[in-house]
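Chemist: Curious how this folds, go ahead:
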Amino acid sequence: MRSTYLVCYDICDDKRLRKVFQTLRKTGDHIQYSVFECQLTPADLARLRAELHAIIHHTQDQVLFVYLGPAQNRGDRVISAMGKPYTNLDAPLIVI
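Modeler: As a prediction, this is how the structure comes out:
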């Protein structure tokens, strides 16, 4: 069964950025500058995570996998991070 994921990335090096983009372009739909929607089986997800794991720098880069639920009926969203940990930015914005 396929599930839908948003895969978002923040890559600090242009060479790694291109490799991540090319890897995701083969796997999903390019939604935004650094966001892809991917419909993946568990095996596809494991393969994609392994490919990206080999590309990114784990203290500088970040790849987020946002689980949207089954491809035919999206459910709850769960966020997991690869590389830099995910940080919820719900703090108020103050512009001076």
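Chemist: C-alpha only now, for contacts and for neighbours.
Modeler: Will do.
Chemist: count of residues packed around residue 53?
Modeler: A count of nearby residues for residue 53, using other Cα atoms under 10 Å, gives 15.
Chemist: hang on, residue 15 in a helix?
Modeler: Yes. Assessed with DSSP: H, G, I helix; E, B strand; the rest coil, residue 15 lies in a helix.
Chemist: count of residues packed around it?
Modeler: Neighbourhood size, residue 15 [other Cα under 10 Å]: 10.
Chemist: Which pLDDT value does the model give it?
Modeler: What the model reports for residue 15 is a pLDDT of 96.
Chemist: Same check on residue 82?
Modeler: On the pLDDT scale, residue 82 is placed at 83.
Chemist: so what's residue 35 up against?
Modeler: When contacts are counted by Cα atoms under 8 Å, 6 or more residues apart in numbering, residue 35 touches 6, 7, 8, 9.
Chemist: Model confidence at it, what's the number?
Modeler: 91.
Chemist: just the helices in the chain please.
Modeler: Secondary structure of the chain (DSSP state H): helices at 14-25, 42-55.
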